[in-house]
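Q: Predicted coordinates and the sequence they were generated for:
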Number of protein chains: 2
Amino acid sequence: MKVSDIGEQGLLKILQRFCPSEIIGDDAAILNIDRDRALVITTDVLVDNVHFSEITTSPEDAGWRAVAANLSDLAAMGASPLGITVGLALPGDVEVDWIERLYQGMSECLQKYNTSIVGGDLVRSPIITISITAFGQVHPNRTIRRNTAKVGDAIVVTGIHGASRIGLELLLNPELGKNLDEADKQALILAHQRPQPRLDVLPILWDAMEMQHIPSLNPEFTVSGMDSSDGLADAVLQICRASKVGAIVELEKLEWQKIPVPEALKYWLNPQQILEYTLYGGEDFELVLCLPSELAEIFVEKIGDNARIIGKTTSNPQVILRDQINKNPDQVLTLNRGFQHFKL
Amino acid sequence: MKVSDIGEQGLLKILQRFCPSEIIGDDAAILNIDRDRALVITTDVLVDNVHFSEITTSPEDAGWRAVAANLSDLAAMGASPLGITVGLALPGDVEVDWIERLYQGMSECLQKYNTSIVGGDLVRSPIITISITAFGQVHPNRTIRRNTAKVGDAIVVTGIHGASRIGLELLLNPELGKNLDEADKQALILAHQRPQPRLDVLPILWDAMEMQHIPSLNPEFTVSGMDSSDGLADAVLQICRASKVGAIVELEKLEWQKIPVPEALKYWLNPQQILEYTLYGGEDFELVLCLPSELAEIFVEKIGDNARIIGKTTSNPQVILRDQINKNPDQVLTLNRGFQHFKL
């Protein structure tokens, strides 16, 4: 039996038998090391031509994105970064300049978030492979997990979903952007090239909790969540599945419905495509959080335009997309992108 | 300019510019996270046919060795393990059984040292690549570094050097072992297949310090060291270079001089070859420590046969191999294995 016979998910199930069961299922592993501190660790392996490509990604951007993805996993757990290690495997014929530019991009992202490369390994290989392990710390009472959402929680998302996907489209097909305002175009391209892990959101969340006199997260009072690296729909579905709840997501509250779409975008993206990118685009590295609605409102207000409540969790285990404006029938969202087109 | 033009060392120098300078140069990175705790992190990337091979290494042994190498780096810093992450990149045509056996070997080694896989990543790649990051903790006052050896320190080594290299030779050329006692042969082969990271040595070291009423390591009182993954000579040379001292290593105190060489080994290994394997064999994953001689004597006595003092550090910056028995002239050891044969 070969890996291709059982697929990545099949193999993951087998490999998880070798891990402590309490550790599986979040964006990163959590190790409680003492009463005041948990260590959060996440690791990513990126392979040339599978996870990055010269066509759309400069080495600086490949470096930035690799680091951003890992820091985003820390943010999703509530953790602030302590550092990363970088394992680099590469053939002898790689240009030194390419590697320097890769590390330059990693460093720029790390510096922005006040952290650094603290170790690494360098080996020969027929193919460029970059392994990043990021570790951070969080107070055990502020750990954000996927499996703690409760029925009636508000679902909060940060940032703009779909922007990274549209930016990628503009990189692949520059002619699509010819009518776009230069600033709009650059913002969309940067959303793809230089995603911003939402570590900035955490202190605002803790502040909002303090305003509500909530000293810590606990079994009665939870903030559940993950990042939206695999898309907004995936994040809501993963949280609901892990927490054994469902959700109603309201179409009118999704970001592109609230934030004006640049006029020129409409020439090549109809509302249906924009909705698809919003739900399934991926790589926006925003946060999707489920939290009690009072706290959610304070939190969203503190963040400002850059976050919104898009729905709530339900006891019905399905994740439903509801369109109250156009009166489309409810739509059930699934992990395998079984997404039927709305009439918009 | 390509990587092959400047080599691994040249590239490392460039990449180190992207790391905080205080972190470079040990077996692992140290992050002081509070007054009582430092985090120690090490990472290794292993590539199929570069770092492991079906010929001499079963998947179980490849897994064990990969974990052992990382745990040995933690031991070399004085740290006890908290866990590891495993990033696995592989083609679809790899047998699932091979991967299960690899993880089985990793788990066996981890279990022996009471730790586990706490996270990972699984991706597609044209070539099997295993990235392991191990992290551990140590009290900041017990951190062992390379660059703190002082003139007059005793040099202590644990275990048997050269055994792993001889074991590899027996695996590659089984006919060489035909006259060897089966138990001797298996011990040598196991030294290669299942090296034991010397985490067991640390509590003995702390005990010896307590017996001497030394509460902690500090600028006046240091234990310096590293593991001997790249060979005994390399470890002594690296410590001396980092600490700006030299050393005299006494031939008669090296392990194969003290421990009887199995008779049958002598049929295919002359004393000269045994000495070469002892100094340069590598992959024994033992510890090489420099410490004040009184402490060294207590420490070695507590460990028993499994450790010995092989020499001392000197103000003369050279690392010298001295043969007082056969009265060979002193030999200067160098990192590039510039090793002239003694008449033995």
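A: That came in fine, so what should we check first?

Q: Only C-alpha atoms from now on, for both contacts and neighbour counts.
A: Fine.

Q: By mean pLDDT, flag the weakest helix or strand of chain A.
A: helix A:255-258 (a mean of 58; mean pLDDT, DSSP states H and E).

Q: so after that one, what's the next helix or strand?
A: Per DSSP states H and E, helix A:255-258 leads on to helix A:271-280 as the next helix or strand towards the C-terminus.

Q: what's that following helix packed up against?
A: helix A:163-172, helix A:232-243, helix A:255-258 (3 or more Cα pairs under 8 Å, 6 or more residues apart in numbering or on different chains; DSSP states H and E).

Q: Quick one: closest of those helices to B:L265.
A: helix A:232-243 (59.2 Å; Cα to Cα).

Q: residues of the closest one that come out buried?
A: A:L232, A:A233, A:D234, A:A235, A:V236, A:L237, A:Q238, A:I239, A:C240, A:R241, A:S243 (16 or more other Cα atoms under 10 Å in any protein chain shown).

Q: ditto for stretch A:182-198
A: Neighbour-count burial for stretch A:182-198, counted by 16+ other Cα under 10 Å, picks out A:185-186, A:188-198.

Q: what's stretch A:240-251 in contact with?
A: Identification of contacts with stretch A:240-251 by Cα atoms under 8 Å, 6 or more residues apart in numbering or on different chains yields A:25, A:146-151, A:236, A:257, A:310-324.

Q: One more pass at 6 Å, please.
A: Residues external to stretch A:240-251 that are found in contact with it (Cα atoms under 6 Å, 6 or more residues apart in numbering or on different chains): A:147-149, A:310-323.

Q: With stretch A:52-61 instead?
A: A:R101, A:L102, A:G105, A:Q193.

Q: what's the most distant pair in those?
A: Largest separation among the contacts of stretch A:52-61 by Cα to Cα: A:R101 and A:Q193, giving 14.2 Å.

Q: mind listing what's buried in stretch A:305-314?
A: Buried-residue list, stretch A:305-314, by 16+ other Cα under 10 Å: A:A307, A:R308, A:I309, A:I310, A:G311, A:K312, A:T313, A:T314.

Q: from the buried residues of helix A:232-243, which is closest to B:A69?
A: Nearest to B:A69 among the buried residues of helix A:232-243, with distances taken as Cα to Cα, is A:Q238, at 35.9 Å.

Q: State the distance from the closest one to A:L188.
A: 26 Å (Cα to Cα, to the nearest Å).

Q: picking that back up, any chance of the helices and strands packed on helix A:271-280 in JSON lines, with distance to B:Y277 too?
A: Listed next are the helices and strands packed on helix A:271-280 as JSON lines, based on distance: least, Cα to Cα, whole Å:
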{"stretch": "helix A:163-172", "distance to B:Y277": "55"}
{"stretch": "helix A:232-243", "distance to B:Y277": "54"}
{"stretch": "helix A:255-258", "distance to B:Y277": "66"}
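
Q: Quick one: closest of those helices to B:S131.
A: Each of the helices and strands packed on helix A:271-280 has some distance to B:S131 by Cα to Cα; the shortest is helix A:232-243, at 26.6 Å.

Q: tell me the mean pLDDT for the helix or strand just after the closest one?
A: Later in the chain than helix A:232-243, the nearest helix or strand by DSSP H and E is strand A:246-250. Averaging pLDDT along strand A:246-250 yields 96.

Q: Give me the sheet partners of strand A:246-250 and which way each runs.
A: Under the criterion DSSP bridges, strand A:246-250 sits next to strand A:307-314 (antiparallel), strand A:319-323 (parallel) in its sheet.

Q: Show me how far that strand is from its chain's centre.
A: The chain centroid and the centroid of strand A:246-250 are separated by 19 Å under Cα atoms, centre = their mean, to the nearest Å.

Q: pull the CA atoms of it into CSV?
A: Taking C-alpha atoms only, strand A:246-250 is exported to CSV below (Å, rounded to 0.1, in the frame of the first residue of the first chain):
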residue,chain,number,x,y,z
GLY,A,246,-23.1,24.1,13.7
ALA,A,247,-23.2,27.7,12.4
ILE,A,248,-25.2,30.2,10.4
VAL,A,249,-23.0,32.5,8.4
GLU,A,250,-24.9,35.5,7.0
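
Q: could you give the angle of it to helix A:232-243?
A: 160 degrees (axes from the mean of the first three to the mean of the last three Cα atoms, to 10 degrees).

Q: Just the buried subset of the contacts of stretch A:240-251, written out for PyMOL, thanks.
A: Here is the PyMOL command that picks out the buried ones among the contacts of stretch A:240-251, judged by 16+ other Cα under 10 Å:
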select buried, chain A and resi 147+148+149+310+311+312+313+314+317+318+319+320+321+322+323
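
Q: Show me what from the stretch 51-200 of chain A comes close to chain B.
A: Within reach of chain B by Cα under 6 Å from any Cα of the partner chain, the stretch 51-200 of chain A has these residues: A:G87, A:G92, A:D93, A:V94, A:E95, A:V96, A:I117, A:V118, A:G119, A:G120, A:D121.
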